[in-house]
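> Any chance you can model this:
(2 chains)
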Amino acid sequence: MSPDLAMVIAAVALPFVVAALTPVVFRVLGEGTGFAGTVVALTSFGLLATQYGSEGTVGLEWVPSLDLALRFYVDGWALLFAMLACGIGALIFAYSPAYMHGESSLVRYYAALLAFMGSIVGVALAADLIAMFLFWELTSLASFVLIGYYTADDSSQYAARMAMLITVGGGLFLLVGLLLLSLVASDVLGSGAAFNLAAMLENPETMQAALRERGLFLPVLGLLAIGAGTKSAQVPLHFWLPNAMAAPTPVSAFLHSATMVKVGVYFIGRVRPMLVSTEWLFLFATLGLTTMTVCAILAVASTDIKELLAYSTASHLGLMVAGFGFTSVYGAETGVFHLLNHALFKAALFLVAGIIAHEAGTREIDELSGLRHDLPVTAVITTVVALSMAGIPPFNGFYSKELLFEAAVEASHHHDIGLLGWLYPAVAVFGSIFTVLYSLRFLSLFFGERPEALGHVHRPPVTMLVPPAVLALLAAVVSVDPQLAVDAIVQSGLEATAVEPHAMHVGLPTSYSPALGMSAVTIGVGLVAYPSYGRLHDAIRSIPRAVPPIGASWWYDTAVDGLSDEGRAFAETVHDGTLRTYATWTLTATCTLALAGFVAAGAIVPTELGVEVSLAIALVLLVAVIGGVAVATAGSHIAGVLTLSILGFMVAIFYILASAPDLALTQLVVETLVLVIFLLVIEEIPERYEVEIGAVARDAVLSVLVGATAFVTVLVTTGTRPDGPSEIARAYAEQAIPRGGGANIVNVTLVDFRGFDTLGELAVITLAAISILTLIVMRDRDGDRTAIRDGDELTGDDSAGPPSDGGADE
Amino acid sequence: MTTVIMRTTARAIVPIILVVAISLFFDGHNLPGGGFIGGVLTTTAFAIVYMGFGLDFLERGILGRDVDPGKEPSRDRVVLAYRRLFAYGFALAVASGLAPLLFGKPFLTQTFAMLEGVPIYDHLEVASALAFDFGVYCVVVGGLLTILSVVGAE
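Below you'll find the model as predicted:
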């Protein structure tokens, strides 16, 4: 069955459309907008559900001349991820109104959340590299807006910037990787397939062989891994995820546990059939297992429940990456099945954390205990999902972790990897022990003595309790009958990500296997070590304090602070508030770049000028030159401005003599306006400047440079002109009256033949006016604090602004 | 600058400049001129009014409204009108570009019609590009005047 285009597009577009309408919806529904979000999410879910069982590519032409299309690829893996996003999205929207009660800027919150959901569905279904990248970056943008939700809170802004820098920075690596991939694909599969991911995945061996042949396999693998690794918070770029917990808890549950951070994992699974190899195994198994272990250890060191869950999320993402890293079919099973399991238990745990924070008023682990007395239902939910997170049988997390152990053991059977064959299973067990530890610690919030310091804990409203309960119920169903989930969706996801898929069977083990032994060791050691949790916690916390560079965020802070300081120092040199400095830097840079461009392109060749100038033109130009000299030697500003306009009017006369009446008119009116404006502002300018001799020399050199650049540019641009009117010029001249209906070719060209250019120029004028307005309004808003310095700066800047805007336009 | 000579001259030349600007705008399709040139010339007329009579003259003298002297220039009613002018002008240009899409033509396609037997003019050409050009005119006048009046008030 092939997918239905209308349904797929509707599922992707609906959240975006409603996101745009959020202000209107909010006006009607107020805080109940969240429930409208639930309806949207369920509708998208339903639309996707109609495509259940279908497989194939559908698409719309987008830019046919570039072979770009908006293609969607539907298969089990895409549907699993997209439906997961919509399903959890529906629960998050239902949970939000109670949690966000009384918060401001809810329109922004819900609009970003909806746009985010649409982007995730887009990433899941995109079969086109460009569309995929666009949706990928949209998720980062939505995440930025949502992490920075508390705009007045500095730490929230810091976290939002950090997440943005890391994920968008990684996205750039991904972009380069995708472009390399498209170059190879257009060579091998034909230019029509340049951006067609679905076509690449249909020919995985051809693609991999072609990549290797061109020596691009490792670069592409590395670039895609960096892109996916930043998004999915893999070590050493994991540190943005715990910081992202500054977002409201529903956002953490949705973006930073269930969906956005899984985009990287999803993508790794997507390209797995194409790139799977020994290098793939080394890269992703190592990366995943390192992340899994390091972040599990850091989770044990956490003091805040959301921080614990964040590190735990990164650790589980590592588990999925490692799963996909192992090349055996167990590896793909691990990745796909754990993606589902983790979404079920982790989103529920975040929602529980939200309930605790909301009702108990604290998120400190040390201050929380014995919550089962106050939150009995929540305690039941937590028991199911926390044990699932720990991987205790028969809860659902156990099955996928068991698959990871199997894949780790299998690795040495498939590849000759020497010592790593032992190391992989050992690290997997070691990391999992910490998983057991922190899972039990989280569960212990609900058990034990209730501390006196904990005030009255309210019962959560039903709308906050139902979403985690639904998730826990689903987790319980998968726990009791894992084969049900496998048959429903995991099997078809496996077929898209595994190289040689087979029918997958999951269940409680009935006979001994190495994997079972590893699980037993994990749980056993975890339980034995649990009583010394406090000492472990303190020991891990003391390490980064002793050696700061071991923490990844230390590197981030150092790099960002260093760059900001350098940037500020540079800005103070370039933008020191006087117009002269601005002009010096801008003109020098422009001229140098232009000349360097000509040199690099080899455009400067000696040519004969061979210009014949009529006496009239020579006379006019002579007067212009004299005017130019007079400007430089003028005794006062008024004299300077007036002589400058002599120069301008002479240029206008030159245009008339060269039979360009439109140019002449434009030059005349612009010149007049400039003169008038100069006269208007001239009274405000000090009578004379005292200029140092060094500055005079600098200005002289600069003038010569600008003049030389203009001269060379004219020579280069006119030197290559063919003799007589070019084809375009002739066509314009012939078509102006029949097609444009105007005898003035210049005007017909401006408004008709090249109307798009004019539209662009209108946008420039509009932008210039808006930015000047904004600058001035913002300066007023800042008050008098910086008024004096900025005031001079702005007046100086703007008085030069309008004429140059107008002049640049024609 | 607000001398008697300036004011007297301004009184005489501003109307002439405006008329010339408008005729340049309308002639633009067949003779030298057009939206941009007309727009810049119109702005020049306003700039001369500002020079001769001060920034608040338009509101006080012509529209007959009271003006608070110390008000923020960007909140001024005249400035608001300029801002609207360039926004609407830009919208008009874009809309005139989008209109052909309704007839299945590419973005920014222009056409024209000759009207015969019109009184006085006898035959008159109506070009769809005129709408676009009027957008250009509005953006130029609105944009430059916004900048001029906001900066001029500093």
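> is any part of stretch A:56-72 close to chain B?
No: when contact is scored as C-beta under 8 Å from any C-beta of the partner chain, no part of stretch A:56-72 falls within range of chain B; the minimum is 13.2 Å. Heads up, the C-betas are built off the backbone N, CA and C, glycines and all.
> Around A:I226, count how many other residues there are.
Using other C-beta atoms under 10 Å in any protein chain shown, A:I226 has 21 neighbouring residues.
> Tell me which residues touch it, please.
A:170, A:173-174, A:177 (C-beta atoms under 8 Å, 6 or more residues apart in numbering or on different chains).
> quick one, phi psi at B:H29?
Per-residue torsions, B:H29: phi -70, psi -30 (degrees, to the nearest 10).
> Next, the residue nearest to it when sequence neighbours are not counted: secondary structure please.
Spatial nearest neighbour of B:H29, excluding adjacent residues (C-beta to C-beta, 6 or more residues apart in numbering or on different chains): A:G742 at 3.8 Å. Three-state call for A:G742 (DSSP: H, G, I helix; E, B strand; the rest coil): coil.
> Compute the number of surrounding residues for A:G742.
The burial count for A:G742: 25, using other C-beta under 10 Å.
> wait, it sits on B:L31?
No: the pair A:G742 / B:L31 is not scored as a contact, 9.4 Å apart, by C-beta atoms under 8 Å.
> what's around A:E761, how many residues?
Using other C-beta under 10 Å: A:E761 sits among 18 other residues.
> In terms of secondary structure, what does the host helix or strand of A:I297 contact?
Using DSSP states H and E, A:I297 falls within helix A:286-300. Packed against helix A:286-300, as judged by 3 or more C-beta pairs under 8 Å, 6 or more residues apart in numbering or on different chains; DSSP states H and E, are the following elements: helix A:305-325, helix A:420-443, helix A:533-546.
> how far is the first one from where the chain is centred?
This means helix A:305-325. 21 Å (C-alpha atoms, centre = their mean, to the nearest Å).
> quick check: angle from that helix to helix A:286-300?
160 degrees (axes from the mean of the first three to the mean of the last three C-alpha atoms, to 10 degrees).
> And chain A, is the longest helix seen in chain B touching that?
For chain B, the helix reaching the highest residue count under DSSP state H is reported as helix B:77-102. Yes: Helix B:77-102 comes into contact with chain A (C-beta under 8 Å from any C-beta), by way of B:83, B:86-87, B:89-90, B:93-94, B:97.
> What residue in the chain is the furthest from its centre?
Let's take chain A. A:L615 (61.9 Å; C-alpha atoms, centre = their mean).
> oops, I was thinking of chain B
B:G104 (31.3 Å).
> That one looks like it's in a helix, true?
No: counting by three-state DSSP, B:G104 is not part of a helix but coil.
> Look at the nearest residue to A:M389 once chain neighbours are set aside and report its pLDDT.
With C-beta to C-beta, 6+ apart as the criterion, A:M389 has its nearest non-adjacent residue at 4.6 Å, and that residue is A:S439. A:S439 is assigned a pLDDT of 93 by the prediction.
> before we move on, the earlier item: the residues of helix B:77-102 next to chain A into a markdown table, with extra columns for neighbour count, distance to A:V525 and pLDDT?
Listed next are these as a markdown table, based on neighbours: other C-beta atoms under 10 Å in any protein chain shown; distance: C-beta to C-beta, whole Å; pLDDT from 0 to 100:
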| residue | neighbour count | distance to A:V525 | pLDDT |
| --- | --- | --- | --- |
| B:R83 | 21 | 70 | 84 |
| B:F86 | 26 | 71 | 88 |
| B:A87 | 17 | 69 | 89 |
| B:G89 | 25 | 74 | 89 |
| B:F90 | 22 | 69 | 89 |
| B:A93 | 28 | 72 | 87 |
| B:V94 | 17 | 68 | 87 |
| B:G97 | 21 | 70 | 84 |
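> and the residue farthest from the centre of chain A, what is it in contact with?
Contacts of A:L615 by C-beta under 8 Å, 6+ apart: none found.
> Need the per-residue pLDDT for it.
pLDDT, A:L615: 89.
> Among the helices and strands packed on helix A:286-300, which comes closest to A:T758?
Comparing these by their distance to A:T758 (C-beta to C-beta), the top pick is helix A:305-325, with 50.5 Å.
> now the angle from the closest one to helix A:420-443?
150 degrees.
> Same question for helix A:305-325: list its buried residues.
A:305-325 (16 or more other C-beta atoms under 10 Å in any protein chain shown).
> What's the first helix or strand after it?
Taking DSSP H and E, what comes next after helix A:305-325 is helix A:329-360.
> For that following helix, which helices and strands make contact with it?
Against helix A:329-360 (3+ C-beta pairs under 8 Å, 6+ apart) you get helix A:76-99, helix A:249-253, helix A:262-275, helix A:305-325, helix A:376-390, helix A:396-414, helix A:462-480, helix A:491-497.
> Can you tell me the closest non-neighbouring residue to A:L587?
A:V706 (5.6 Å).
> I meant A:I381, not that one.
Nearest to A:I381 is A:A472, by C-beta to C-beta, 6+ apart, at 4.3 Å.
> do the same with A:A529
Looking at A:A529 with C-beta to C-beta, 6+ apart, the closest residue is A:L437, at 6.3 Å.
> Measure how buried the residue in the stretch 501-650 of chain A that chain B sits nearest to is and give me the count.
Using C-beta to the nearest C-beta, the single residue of the stretch 501-650 of chain A nearest to chain B is A:I638, 11.3 Å away. When neighbours are defined as other C-beta under 10 Å, A:I638 has 13 of them.
> can you tell me the residue of chain B closest to chain A?
Counting by C-beta to the nearest C-beta, chain B gets nearest chain A through B:F112, at 3.2 Å.
> Give me the nearest residue to that residue, chain neighbours excluded.
Going by C-beta to C-beta, 6+ apart, B:F112 has A:G741 as its nearest residue, at 3.2 Å.
> and what of A:S369?
A:G448 (4.8 Å).
> hang on, isn't the one you found packed against A:L371?
No: look at A:G448 against A:L371 with C-beta under 8 Å: they stay out of range, at 9.4 Å.
> Who has more neighbours out of those two?
A:L371 (24 against 12).
> Next, work out how far apart the more buried one and B:F134 are.
69 Å (C-beta to C-beta, to the nearest Å).
> same thing with B:T9?
30 Å.
> Which one's more surrounded, these two?
Taking neighbours as other C-beta under 10 Å, B:T9 and B:F134 compare with B:F134 leading, 20 against 13.
> residue contacts, the more buried one?
B:F134 touches B:25, B:35, B:89, B:92, counting by C-beta under 8 Å, 6+ apart.
> okay, it: pLDDT?
pLDDT at B:F134 comes out at 90.
> what secondary structure does it sit in?
Per three-state DSSP, B:F134 ends up helix.
> Chain neighbours aside, what residue packs nearest to A:L404?
In space, A:L404 is closest to A:T334, 4.5 Å off (C-beta to C-beta, 6+ apart).
> just checking, the one you found touches A:G325?
No: under the criterion of C-beta under 8 Å, A:T334 makes no contact with A:G325, lying 9.5 Å away.
> Give the next helix or strand downstream of the helix or strand that A:D557 is a member of.
According to DSSP H and E, A:D557 maps onto helix A:552-574. Next in sequence after helix A:552-574, counting helices and strands by DSSP H and E, comes helix A:579-600.
> ok now that following helix, how far from the chain's centre?
32 Å.
> Now do that helix: which elements does it pack against?
helix A:552-574, helix A:693-719, helix A:787-799.
> Tabulate the ones you listed (TSV), appending mean pLDDT, mean neighbour count and distance to A:R459.
Listed next are the helices and strands packed on helix A:579-600 as TSV, based on pLDDT from 0 to 100; neighbours: other C-beta atoms under 10 Å in any protein chain shown; distance: least, C-beta to C-beta, whole Å:
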stretch	mean pLDDT	mean neighbour count	distance to A:R459
helix A:552-574	88	12	37
helix A:693-719	86	13	74
helix A:787-799	40	16	54
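> This completes my enquiry, with thanks.
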